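# this is the structure alone, sequence omitted:
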């Protein structure tokens, strides 16, 4: 069940999409047991975050997502004007988030990913397929925003040191970790009767198997990234989150990543993106499920 139920008859499309984006963030935060991430059990590898903070952060972003969707509906075209508007609204949303969290960066990457996907979904109500939404989001991501913050960041430092494209490259390529890894695994695990929470954990792990997660690279370098990718594969190869062997591998991965201080925050953001896309049809009622 989504964290925020949507009553379609009472809400505009922009409101529905903002609700869905916030629900995806809350559902990702509450999903347990995630390796080295904030969840219902613990703060994982984070010392400045907890579940309540993640929930409050997600809720603080509703106005930004709603305004992004509205801007896409009004503009109705993928162009520099819309891209600059989305960038401005994203920066305003980030400021609201930081005020809510007391300066803790809980969802900066998620604002980027979900903001583009919200706009992508709003631009064409008749096409809510993963491929269509992600394609439009990629077209927006490929447009430079001259007002974007160029200050040093962890993501830029990781990109320079390790050559990883990070969240920007994922968006510009149409979120391949979501369409090629997360969503297919989510649906496979559901079809196998794994249960919704286990299917979502499996989707997160599938994303982790191939993602060059800049959060992990920043915190633990290539050693941490290799531990994340290989450990996630071991869980899935053992039968996934719904199996006893898979759960034991998941516990081992959690211990290893916490020990390395390696939190897969980039994968968590992409799981939220995966849940957003997966929820489009049940939330809005008429879009395609095809990838």
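Structure received. Owing to the predicted nature of the structure, the values given are computational and were not obtained by experimental measurement. Residues are numbered from 1 along each chain as shown.

# what residue ranges in the stretch 1-150 of the chain score low on pLDDT?
Confidence mapping of the stretch 1-150 of the chain against pLDDT under 70 gives the ranges 1-9, 150.

# switch the cut-off to 50
1, 6 (pLDDT under 50).

# list the contacts of the nearest residue to residue 28 once chain neighbours are set aside.
Once flanking residues are discounted, residue 28 sits nearest to residue 272: 4.2 Å by CB to CB, 6 or more residues apart in numbering. All C-beta atoms are positioned from the backbone trio N, CA, C, and that covers glycine. With contact set as CB atoms under 8 Å, 6 or more residues apart in numbering, residue 272 has these partners: 24, 25, 27, 28, 110, 113, 114.

# ok, those residues vs residue 18, which is closest?
Closest approach to residue 18 among these (CB to CB): residue 114, at 9.6 Å.

# and for that closest one, the neighbour number?
Number of residues near residue 114 (other CB atoms under 10 Å) recorded here: 31.

# may I ask which helix or strand encompasses the residue nearest to residue 28?
helix 265-278 (DSSP states H and E).

# and that helix, how far out from the chain's middle?
3 Å (CA atoms, centre = their mean, to the nearest Å).

# would you list the contacts of residue 272 in TSV and tack on secondary structure and distance to residue 281?
Listed next are the contacts of residue 272 as TSV, based on DSSP: H, G, I helix; E, B strand; the rest coil; distance: CB to CB, whole Å:
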residue	secondary structure	distance to residue 281
24	helix	14
25	helix	19
27	helix	16
28	helix	19
110	helix	21
113	helix	20
114	helix	17
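
# all helices for the stretch 51-200 of the chain, in order.
Secondary structure of the stretch 51-200 of the chain (DSSP state H, counting those that start in this stretch): helices located at 51-60, 62-75, 80-101, 108-123, 130-141, 154-162, 166-172, 176, 183-191, 196-210.

# centre of the chain versus the last one, how much separation?
Taking the mean of its C-alpha atoms, helix 196-210 sits 12 Å from the chain's own mean (CA atoms, centre = their mean).

# could I get the average pLDDT for it?
What helix 196-210 shows for mean pLDDT is 98.

# how about the helix or strand just after it: buried residues?
For helix 196-210, the following helix or strand on the C-terminal side (DSSP H and E) is helix 214-237. Under the neighbour-count criterion of 16 or more other CB atoms under 10 Å, helix 214-237 has 214-220, 224-225, 227-229, 231-236 buried.

# packing partners for helix 214-237?
If you count contacts as 3 or more CB pairs under 8 Å, 6 or more residues apart in numbering; DSSP states H and E, helix 214-237 packs onto helix 154-162, helix 196-210, helix 244-260, helix 265-278.
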